[in-house]
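Q: dropping the sequence and predicted coords here.
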Amino acid sequence: MSAVLRRVGRSLPGRTLQAWLDGWVARRGPTRPPLTLKYRQIFILPTRFGWLLGLLMFAMLMGSLNFNNNLGLLTTFIVAGLGSNSMLLAYRNLEGLRILKTGASPVFAGQPIQFLITIASDAGRERPGLELRHGSTAQVFSLPARAITEIALPVPTRHRGWLTLDRLALQTGHPIGLFEAWSWFWPERAILVWPRPAERPPPLPEGDADREGSEQRRNPDGDEFYSLRAWREGDPLHRVAWKASQRHNTLLARDLRQPRSRDLVLDLARAPGRDLEERIRVLTAWLLQARRQDRSWTLRLGGKAIGPDRTEAHLHACLKALAEQP
Amino acid sequence: MQADLDRALAAVNRVIVDKSEVVELAFSALLAGGHLLIEDLPGVGKTTLAQALSLILGGSWQRVQFTNDMLPADILGVSVFRRDDEQFEFRPGPVFANVVLADEINRATPRTQSALLEAMAEGQVTVDGQTHRLPQPFFVIATQNPLDMAGTYPLPDSQLDRFLLRTAIGYPAPAEERRLLIEPDRRQLLTELNAELDGARVMELIQRAASLHVAEPVIDYIQALIQATRAHAGLRAGLSPRAALALIRTARANALVRGQTFCLPENVKLIFPALAGHRLQPLPESGLSSTDVVEEIIDVTPVP
Amino acid sequence: MKQLPPFSAVAWTIAAFVISALPHLAAMPPWLAAGILGACAWRLAAARYRWGPPPRLLRIVLTGVALVFVLVAFGGLWGRRTATVLLCVMLGAKMMEMFAVRDLRLVASVSFFLIATQFLFSERLIYLVYLVSGSLVATIALTRIQTVHGGQWTARGGSELPAIRQAAVLLMLAAPVALTLFVLFPRLAQPLWGLPDQVMDGRTGLSEDMSPGSISNLFLDDSPAFRVEFDGPPPPPGERYWRGPVLWNFDGTTWTRPFFGDAPSRQFVAEGPRSLSYQVQLEPHERRWLFVLDYPVRGPDQALITVDHQMLNRHPVTTLTRYDVVSNPDFTDMPELSSGAQAVALRLPEDRNPRTRALAQELRERHPDDRALINAVLGWFREEAFYYTLSAAPLGRHGADEFLFDLRSGYCEYYASAFAILMRAAGIPTRIVTGYQGGFWQAASEYLLVRQSDAHAWTEVWLEGDGWTRVDPTAAVSPARIEQGSRSVIDGPRHLFDLNWVENLRNQYDRIQHLWNRWVLGFDHDRQRSFLRGLGLPDLTTDRIALLMLLVLGLVMAPLSYALLRQPRGRAASEVERAWQLMLRRLKRRGLTRQASETPLEFARRVRNARPQEGERIVELALMYCRIHYGEVQDDARPFIEQARAFRPARA
């Protein structure tokens, strides 16, 4: 991408210009995946090296013309031919590329997001020297003929919540770096950034409820989990999970590795911490701890309660709710 | 011949309700000379399917319920010293059958699993230095529980590709499930099955499948799919050339199962997820499952 | 410290620089060239052994020292040679800090510039090889640098072939554009700025003065001096005197041009019945004169005809120059000789050549008539034991005496000089004309090739009534020299390969070179216009030519772009596939688009669900298509093609 255009947007009038530019780009065609790069979305400008060679070419042209030096002119025109072809080739390297989807798994604030962009090429030829750029990070790759690939761009995160990435650029300087062709696109959706867990959280709030556990811990280490399995000879009758068995039309037995304790209640309002952010961080750490210990918990946020449950999905729901806290 | 196959298919579909795709895959695996792994919850009909298949094929069939105290000999067979003529006699294990149902294969120890998997790969069994050929056709249907149960040994990734296809059965649709509840017991239906095929005819069908016409565009399509797995950044490695050959073989078998005289991209599309799913290992950081990747590849690969 | 560029990119860049600098290196002092090559070698080694750049101070000092050396070697004179040598030295110095992609690119692209500058010195055919190889290697270097920059380095591994192939393709694709521009880019009729008069090259050619012995090195030089195409038949060999500098002044050893040598002629030469019209292609010789036959009537616009009928270019001829001349041999030059001119044409140093002077006195007494005297001298040359040889001894203080009485063997300069001295001593106004005589007639291509070895010197004497009259004493001694050319008088082979077939080969080569000169190098403002006229276009102004160029460029670029931008998607489509595609396009216009990942039947069934009334037909056609496209039997394609083409989806 032209360095000039990249630099636009640092200053206030630059930002206005940037907004206008983005709008203009958006008016030219789809800008969010899935999209296929067509001529309306591909921009092309000489690189700094391209300008330099252009200058050199101009000097050669003037000199050769003046001295009526035809071989000099021929050399100049060969350079001109190289230039015009490399413009076409740079364009061709992008044309028809399909940006299928973007996305990322959520991360904790402070960790970099691995932002994944899936790109496919149906062309019967290789597409070398592609570059995917977001801000100052870039990833260079090549696509073989009729290939699909996934590019991971690390994006730093600072705050919890939904992170909206600004535009990405898919660009190329192929074949000799005289021209840079690029396409701008925006991610399909925002990325969830979970709160950063507190580094040294207080212990889980065990004493919150006064119901005692009804079942004995079979395993004090407690890192095994509860499940159903096919009934085997020798299994006592009281282990048969009758309801489940009926559902599955076969006898199922409970594996008696029961939870060692009752549900935890994790309440934002009662979590320790000086401010909201710190309480959220403590809660995050607790959630992770509870999940590690395979315990069931309920998350209370103001009037809302999530759970009780113990699954990975539950953890994700809770983390999302915490991340979205105003 | 084709009529026999159609009848066999119809008969199995009568027993296995609403799972014609799985039945089709099972037949495809059989006619491609491979083995089938069914990964699903207990009680969805894995065993019934296996039994139905074995009955329809008319050959011998064996069922092995795998447990953690099982030894390789329990599967392959043992040499027994005979007192009367003072000689060793080989007593074939349950693996010596045309159709072997290996139930809950992941309950057995890796050693026992390996014994079966090697027999599957080689088509023969070697016990005490003596090699015994397995019968032809030889078709293993193994089942395993997807839940990471206590006391199970998941099949090693490196040996998963001994199974040509892997599939799940899944719950029946509500209406079908209702039928299942009203109609007589499946076991009852099984007893009504006739052997529509026999070993010789299965071998002939396998031969016929192998010579089915595959046009250039279909080969292009298969190549594109294989390429896509290799180029996919979310995967540890793409599919091997052996997997590509297996894909074309199974697509042919599927075409035969469907009564076609040539291979269509549809056959490839049906087979590909079952063939690639267990051969591909997504990188953990990509957050994708191999099913996601396979679906994505099918969604973006153009059909020529 | 950034990552060091890989060896291959550096090696190609250095190769591009060395190839493009090769002719420049050959023209500079050897120690300087060695220094530049040394820098290249150091950089190669650095790339091989992963050394970093040398300290900054060392780089500055070395660069400074090199620049000082250049200034000393070239005496601070500013010329094209100095400029290119400086450029080479700077690039050599650049080797020490060529560690970033930017620097590599700079050096590789300046290679093109170096190639272009070399053509200011020579444009011989052989340099086409230089142009192509230099451009190719520079393009490979640029390609390689880009693969480094684009991060494909590790992906591509070590093979150089892809880069070479890609660069070759890139260059070949550049050819149509380059040729279009070459033919149609408007040329300048007049240069925008002048050329420096500073002559830097020791190029062989006729010099400005003559002292017997000075042209001798030219006789061994078979390189072409100029080529001539005549509008009619060529003049006979005896008439082919190509007039160069006319020398009036003699200081005892050297003949030089007079102070009025550049003065324009005030005489008007009219065309006559024997007028000759011809075009000369003059190889650059760094002097201003243009060679013509006697007497030029008119020449090109930028040329001037001097008082002694030389033709002078406005600027030194530094590139191949083509000019049209009309000459009329029937002209009386200066029927009246002014007293000033007569004085100059008779002046002789008093203290030289006493025996010649005595002979002149004696002849004058015997032959009061000028013409009789001249004939007597020429007869004496013919009858006495005078020999024509190229291996002549150098002459001393009394050159004419030594030659006429002792040596009696020499070549044209000896004869012309001695004859002129004798004439002047006898009171006959005489001047020396240098130039070329003869030439090789390339019958097949109808042009006259005049080589450096055809250089010649003759005299002109002023005769009452006839004005200046050409007298060639060499012709008296060795008529073969004049009739059969310089090669006939050479005593034996001049070098090992002086054989007939080599000579033939040489002539063949010159014919190619001539075409090259005519159509490539000589393709100037005038020739461009006449070329366009030849195509049937009217006389075009420069801006019209520019417009035409853009038009043709568009015409050339359109198919090129199409070929480049077409994304091949595997095999070429068959008729069946095209019919199917046509059907798909028609459905697409109705809003039914097949997804790339949909099989024909999947698509057809989807359409059937959306639009049942037509769906059946589409499924039917799709089934037909599948049978042909994926099936084994191919012979029933016709019905499908016809039905698919006839298919028109109804409006939704």
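A: Yep, it's here. Numbering: from 1, shown residues only, chains lettered A, B, ... in the order given.
Q: thought A:Ala181 was touching A:Ala169, still the case?
A: No. Using CB atoms under 8 Å as the test, A:Ala169 is too far from A:Ala181 to be in contact (10.3 Å). To be clear about C-beta, it is placed using only N, CA and C from the backbone, and glycine gets the same treatment.
Q: quick one: low-confidence parts of chain C?
A: C:1-3, C:76-77, C:149-158, C:191, C:193-205, C:213-220, C:486-499, C:567-573, C:633-635, C:651-652 (pLDDT under 70).
Q: worst-scoring helix or strand of chain B, pLDDT-wise?
A: Ranking every helix and strand in chain B by mean pLDDT, DSSP states H and E puts helix B:186-191 at the bottom, with a mean of 73.
Q: mind checking if that one is in reach of chain A?
A: No. Shown here: helix B:186-191 not in contact with chain A (CB under 8 Å from any CB of the partner chain), separated by at least 8.7 Å.
Q: could you do stretch B:21-39 as well?
A: No. Stretch B:21-39 does not reach chain A (CB under 8 Å from any CB); its nearest approach is 14.5 Å.
Q: how about that stretch and chain C, touching?
A: No. Figure legend: stretch B:21-39 not in contact with chain C (CB under 8 Å from any CB); closest approach 15.0 Å.
Q: pull out the buried positions in that stretch.
A: For stretch B:21-39, a neighbour-count test (16 or more other CB atoms under 10 Å in any protein chain shown) marks B:22-39 as buried.
Q: out of those residues, which are inside helices?
A: The helices, defined by DSSP state H, take in B:22-31 from those.
Q: between the residues you listed, which sits nearest chain C?
A: Nearest to chain C among those: B:Glu24, at 16.0 Å, using CB to the nearest CB.
Q: spatially nearest residue to that closest one (excluding sequence neighbours)?
A: Leaving out its chain neighbours, the residue that sits closest to B:Glu24 by CB to CB, 6 or more residues apart in numbering or on different chains is B:Val257, at 5.7 Å.
Q: any idea how far chain A is from that neighbour?
A: Note on B:Val257: its distance to chain A, by CB to the nearest CB, to the nearest Å, is 28 Å.
Q: report the contact partners of that residue.
A: B:Val257 sits next to B:5, B:9, B:24, B:27-28, B:31 when contact means CB atoms under 8 Å, 6 or more residues apart in numbering or on different chains.
Q: phi, psi of it?
A: phi -60, psi -40 (degrees, to the nearest 10).
Q: now do A:Glu324
A: Main-chain torsions, A:Glu324, degrees, to the nearest 10: phi -90, psi 0.
Q: so what's it closest to, chain neighbours aside?
A: Of all residues not flanking A:Glu324 in the chain, A:Gly161 sits nearest, at 6.7 Å (CB to CB, 6+ apart).
Q: same question for C:Val552.
A: C:Thr180 (5.3 Å).
Q: would that neighbour count as being in a strand?
A: No. Going by DSSP: H, G, I helix; E, B strand; the rest coil, the assignment for C:Thr180 is helix, not a strand.
Q: residues contacting it?
A: C:549, C:552-553, C:556.
Q: just the residues you listed now: which is nearest chain A?
A: C:Leu553 (8.8 Å).
Q: surely that closest one meets C:Val177?
A: Yes. Between C:Leu553 and C:Val177 there is a contact at 6.9 Å, judged by CB under 8 Å.
Q: when these two are compared, which one has more neighbours?
A: When neighbours are counted by other CB atoms under 10 Å in any protein chain shown, C:Leu553 and C:Val177 differ, and C:Val177 comes out ahead with 21 against 18.
Q: is it true that that one touches A:Asn85?
A: Yes. Contact criterion CB under 8 Å: C:Val177 and A:Asn85 qualify, at 7.4 Å.
Q: what is in contact with these two at once?
A: C:Leu560.
Q: which residues are in contact with C:Asp294?
A: C:241, C:243, C:309, C:327, C:329, C:331, C:470.
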